[in-house]
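Visitor: build me a model from this:
(chains A, B, C and D)
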There are 4 protein chains.
Amino acid sequence: MSYGIPRGESKFEPRDPHWNDKVRSSFTKQGVMGLIGAALADIWPGGCEIHLPYRSDLSQQHGFFHAGVTSTVVDSAAGYAGFSLMAPNTSVLSVEFKINLLAPADGELLIATGEVVKPGRNLVITRGDAWVVKKGKATHCAMMQQTLMTMHDKPEAEKTK
Amino acid sequence: MSYGIPRGESKFEPRDPHWNDKVRSSFTKQGVMGLIGAALADIWPGGCEIHLPYRSDLSQQHGFFHAGVTSTVVDSAAGYAGFSLMAPNTSVLSVEFKINLLAPADGELLIATGEVVKPGRNLVITRGDAWVVKKGKATHCAMMQQTLMTMHDKPEAEKTK
Amino acid sequence: MSYGIPRGESKFEPRDPHWNDKVRSSFTKQGVMGLIGAALADIWPGGCEIHLPYRSDLSQQHGFFHAGVTSTVVDSAAGYAGFSLMAPNTSVLSVEFKINLLAPADGELLIATGEVVKPGRNLVITRGDAWVVKKGKATHCAMMQQTLMTMHDKPEAEKTK
Amino acid sequence: MSYGIPRGESKFEPRDPHWNDKVRSSFTKQGVMGLIGAALADIWPGGCEIHLPYRSDLSQQHGFFHAGVTSTVVDSAAGYAGFSLMAPNTSVLSVEFKINLLAPADGELLIATGEVVKPGRNLVITRGDAWVVKKGKATHCAMMQQTLMTMHDKPEAEKTK
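Guide: So this is what the prediction gives:
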């Protein structure tokens, strides 16, 4: 784990033996991850970490990472944490999330983590966090609670658009 | 108002005579708005509307607008609704928001609106909504509650990064 | 509608012909409504209004209605708004909610309203609001977004505890 | 710490030497805590724990603790966690919170904990959690994110109502 950022223990058993492949495959289908330059840094059963290097075209009016950009990577990190525990032949949708912006996201790198709190069959509840790294020092800059829905019998198709 | 989307009445008096210019100037400084191709469609005292045409590089894994992208434009619309009512010589920060994704954001155009509910001196509470337009029909696809903080004696500077 | 508080139009068709009876019956089973002295003032398809007269044992440290008490009646109002639209042979659970406290809840009467925004088969998304009435004047004091889950094939039983 | 419930470390320095007394004094002024039978179990700099034994008049329609009651004690626990770190001559208000109900609150005792995540001068961001204890086993049943505002130069007065 980089920069001393805490990570929850892997305490969950995946329901799908192909959890790792399906998460990585889904990530590559998220067009917006390519647009902003985000990378899937790590994935484990019930957890995920995404890295996003700073660019000026990710900024809000003060030049920091935009709150919406922070939300985008934390929503994805927490969503993939949840997806890693879902059964085969399902897909995942975000129902809702709430994010607190704890500090200005001023730095060279944004690290988003997500972890499952409650892996229900239909609803999965997660936590997400973001740290911004400036000159090697990580500052906790966002905190999220998220609700995911499992879409049963709807595996991710090839994208048609 | 386009596509029959409801708009709250303009019931607020701006504190800053230059409210319109300062919002438009701030919008152009948000690098991420340029990156995703969002346009400031309208601004009025206590309200704002942003338009975002669909592109595949704004998508999640099913090809719809990514929840984080939707959050980005609704957060900005609601944030500028709030900023339009703030006093001169201030700037605005998002403290937190919560968004419900009501329907898949499947369409050609995303319309985000924000309006002020409570324009406090320090904290401003807003509502935001998003509609996705497909073949001319608008569907309500997201709903937000947001808290903004007024940064007193900190007008927006020229961006240095 | 009392005190000029806005109410959404009844635009929904109930799935259960006994929607009115089942909501009223469920309300009487909520022990906490009796404890705090809340009354079901009105119910319509997709909406609900609850009244709560002030008592000093409902207060926080300044003597106003406690934020948790406000949450309790808004959560119930929004929950029953959702329950009114659910199919027969189901029951309702709150998945999550988020509430903004807009003004101190200082007054003689708290009025909570809830209305359905999105009546999905499994998940129902609602809005809730609270007004506090002081000397006949109603002030908007809270605003909620809530997610409900329909429990299929689990009608409300007689309470056993 | 009872029932194996995790507690964050005390990593904060209180600004007010009388932090313990002022929290305990404020708790006794919350009329609703007496009404529902809640007890301030523990308080430390940046953290708080409240206990609430089950009674049928705290229930929702299934006989479990009502989500609003759970919210009430978690809101207070997190609020007092924040208040413990605030400067002398201030008081505290809840700006907003969001709560996920993770499991039915079915048990004999509800334990609410709160801890400070970001102790800003004006805004304090907290986390709250609730566990329900049934036959000696604690289940994590709720999770909260909360924003508090420090009211400067407004110490808590004697209650006049």
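Visitor: now the longest helix along chain A: average pLDDT?
Guide: Longest helix in chain A, counting residues (DSSP state H): helix A:67-83. On average, the pLDDT along helix A:67-83 is 97.
Visitor: so how far is that helix off the chain centroid?
Guide: Centroid separation between helix A:67-83 and its chain, computed with Cα atoms, centre = their mean, to the nearest Å, is 3 Å.
Visitor: now do stretch A:82-100
Guide: That offset, for stretch A:82-100, works out to 10 Å (Cα atoms, centre = their mean).
Visitor: how about the longest strand along chain A and chain B, touching?
Guide: When chain A is scanned for its longest strand (criterion: DSSP state E), the result is strand A:137-152. No. Strand A:137-152 is not in contact with chain B by Cβ under 8 Å from any Cβ of the partner chain; minimum separation 8.7 Å. Using the backbone N, CA and C atoms, a C-beta is placed for each residue, glycine as well.
Visitor: next, the buried residues of the helix or strand residue A:28 falls within.
Guide: Per DSSP states H and E, residue A:28 falls inside helix A:19-29. Counting neighbours by 16 or more other Cβ atoms under 10 Å in any protein chain shown, one finds that the buried residues in helix A:19-29 are A:19, A:22-23, A:26-27, A:29.
Visitor: so what strands line up beside the longest strand of chain A?
Guide: Partners of strand A:137-152 in the sheet, by DSSP bridges, are strand A:90-101 (antiparallel), strand A:123-134 (antiparallel).
Visitor: mean pLDDT and distance to residue B:36 added to the ones you listed, as JSON lines?
Guide: Formatted as JSON lines, the strands paired with strand A:137-152 follow (pLDDT from 0 to 100; distance: least, Cβ to Cβ, whole Å):
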{"stretch": "strand A:90-101", "mean pLDDT": "97", "distance to residue B:36": "18"}
{"stretch": "strand A:123-134", "mean pLDDT": "98", "distance to residue B:36": "19"}
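Visitor: include mean neighbour count and distance to residue B:38 when you put those into JSON lines, please.
Guide: As requested, those are arranged in JSON lines below (neighbours: other Cβ atoms under 10 Å in any protein chain shown; distance: least, Cβ to Cβ, whole Å):
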{"stretch": "strand A:90-101", "mean neighbour count": "24", "distance to residue B:38": "19"}
{"stretch": "strand A:123-134", "mean neighbour count": "24", "distance to residue B:38": "22"}
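Visitor: for these, give me CSV that also has distance to residue A:35.
Guide: Output for these, formatted as CSV (distance: least, Cβ to Cβ, whole Å):
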stretch, distance to residue A:35
strand A:90-101, 18
strand A:123-134, 18
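Visitor: looking at those, which is closest to residue B:49?
Guide: Among the strands paired with strand A:137-152, the nearest to residue B:49 by Cβ to Cβ is strand A:90-101 (22.6 Å).
Visitor: just the C-alphas of the closest one, formatted as PDB.
Guide: Output of strand A:90-101 as PDB, limited to C-alpha atoms (Å, rounded to 0.1, in the frame of the first residue of the first chain):
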ATOM      1  CA  THR A  90     -24.700 -10.200 -12.900                       C
ATOM      2  CA  SER A  91     -23.700  -6.500 -13.400                       C
ATOM      3  CA  VAL A  92     -23.600  -3.500 -11.100                       C
ATOM      4  CA  LEU A  93     -25.300  -0.100 -10.900                       C
ATOM      5  CA  SER A  94     -24.700   2.800  -8.500                       C
ATOM      6  CA  VAL A  95     -28.000   3.600  -6.800                       C
ATOM      7  CA  GLU A  96     -26.700   6.600  -4.900                       C
ATOM      8  CA  PHE A  97     -23.700   8.000  -3.100                       C
ATOM      9  CA  LYS A  98     -22.800  10.800  -0.700                       C
ATOM     10  CA  ILE A  99     -19.400  12.400  -0.600                       C
ATOM     11  CA  ASN A 100     -17.800  14.800   1.900                       C
ATOM     12  CA  LEU A 101     -14.900  16.900   0.500                       C
END
